[in-house]
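Chemist: sharing a model prediction with you, sequence too.
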Amino acid sequence: MHVLSGGAAAAVVKGVQAEFEKTTGNQIHGTFSAVGMMRDKLVSGAPCDVVILTRPLIAQLIVSGHVVPGSARSLGLVKTGVAVRSGSPHPSIKTRAELSAAMRAAQGIYFPDPDKATAGIHFMNVLKALGLDESLSSKFRVYPNGATAMSEMANSTERDLIGCTQVTEINYTEGVDLIDVLPSEFELSTDYTLGICTQSQDPEQAQLLAQLLTGAASEAVRRQGGFEF
C-alpha cells in the first residue's frame, strides 16, 4: 500500500501501520514531504493508493482525475507554530512585535521549503510582512519539509535557534519544543485531507487504511500531535 503524504501526517500513518499490516498482510510504503512535492510525485505517475495533502490540493486532484470523487476525508486541522531546541528559553511570540524580536535575536531560523511546503510558503509570507525576508536571509536554514527542518534544528551545534512549521511536525520531533502558534494575525490552520487514488491497485484496502487514519484508531496520536477536530 503506497502512501504519499505531507509531513504533518507522517506520525499518524506510522501510528496505524502495525494494525493495518497485521490485519491485511500488506505493508505500507510511505513517502512524506512537502505537500507540493507529494502532489507532483502523484501527478508524475508515482505509485499511490492513499494521498494526504491539504484539502484544496485534494480537491484539485479530484478534478484532475487522480483522486476518487467522494473519497476525501479530513484527518483534522493543524496550526502553524514556532519552536526552539529543547532546553532553550521560550521567547514570547504572541504579538507581531514579539515574533519579530524573536526572529531577529535568533542565529538560525529553520523552516520548510517556501515554494512547496504549506508552512514554508506561509512563514515566508509572514517574514515578508514583518520586513525580515531580506535582512535575515543569511540566517535562513531551509529544508524540504518541516520534519527535517525540526530534526536538523534539534541536532545543530548552532546556538539561539528558532524554527517554524506545522505544530504536528514540532510535537512529533524529539529535541524541539513548541513555543506557541503564530500570532492571531498570522494564524494558519490547515485541513489535512486524504483521498483514495484512482490508480490504487487495491481500493478496498485503501478504504480500510483511510478509515484507520481518520477514525478512532488514530484519534489519540492525532490529538497528541496537535491535530484539532
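Modeler: Okay, I see it. Numbers count the residues shown, from 1 in each chain.

Chemist: wait, isn't His159 in contact with Ala106?
Modeler: Rather than His, residue 159 is Arg. No - in this structure Arg159 lies outside contact range of Ala106 using C-beta atoms under 8 Å: 9.5 Å. For every residue, glycine as well, the C-beta is placed using N, CA and C.

Chemist: looking at those two, which is more packed in?
Modeler: The neighbour comparison of Arg159 against Ala106 (other C-beta atoms under 10 Å) goes to Ala106, with 20 against 10.

Chemist: you'd agree the more buried one is up against Ile162?
Modeler: Yes - Ala106 lies in contact with Ile162 (C-beta under 8 Å); the separation is 4.2 Å.

Chemist: which phi and psi values does Leu182 adopt?
Modeler: Here is the backbone geometry of Leu182 (degrees, to the nearest 10): phi -60, psi 150.

Chemist: who are the contact partners of it?
Modeler: Listed by C-beta atoms under 8 Å, 6 or more residues apart in numbering, the contact set of Leu182 reads Lys79, Thr80, Gly81, Val82, Ile93, Leu99, Val126, Cys164, Leu188.

Chemist: then Gly108?
Modeler: Per C-beta under 8 Å, 6+ apart, neighbours of Gly108: Lys139, Arg141, Met153, Ser156, Glu158, Asp160, Leu161, Ile162.

Chemist: can I assume the last one sits in a helix?
Modeler: So the one you mean is Ile162. No - under DSSP: H, G, I helix; E, B strand; the rest coil, Ile162 falls outside any helix and is assigned strand.

Chemist: can you get me a residue count around it?
Modeler: Neighbour tally, Ile162, other C-beta under 10 Å: 24.

Chemist: swap in His29?
Modeler: 12.

Chemist: distance of the nearest residue to it once chain neighbours are set aside relative to Val68?
Modeler: Of all residues not flanking His29 in the chain, His2 sits nearest, at 5.1 Å (C-beta to C-beta, 6 or more residues apart in numbering). Counting by C-beta to C-beta, to the nearest Å, the gap from His2 to Val68 is 15 Å.

Chemist: max-length strand in this protein?
Modeler: strand 73-85 (DSSP state E).

Chemist: and it, what other elements does it pack with?
Modeler: Judged by 3 or more C-beta pairs under 8 Å, 6 or more residues apart in numbering; DSSP states H and E, strand 73-85 is in contact with helix 118-129, helix 146-155, strand 161-166, helix 167-171, strand 176-181, strand 189-196, helix 203-214.

Chemist: which residues sit against the shortest one?
Modeler: Right, helix 167-171. 7-11, 78-81, 83, 119, 145-147, 149-150, 163, 176-178, 181, 224-227.

Chemist: could I have the buried ones of these as ChimeraX selection syntax?
Modeler: Selection of buried members from the contacts of helix 167-171 for ChimeraX, criterion 16 or more other C-beta atoms under 10 Å:
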select :7,8,9,10,11,78,79,80,81,83,119,145,146,147,149,150,163,176,177,178,181,225,226,227
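
Chemist: mind checking how far the longest helix anywhere in the chain is from the chain centre?
Modeler: The longest helix of the chain (DSSP state H) is helix 10-24. Taking C-alpha atoms, centre = their mean, to the nearest Å, one finds helix 10-24 lying 18 Å from the centre of the chain it belongs to.
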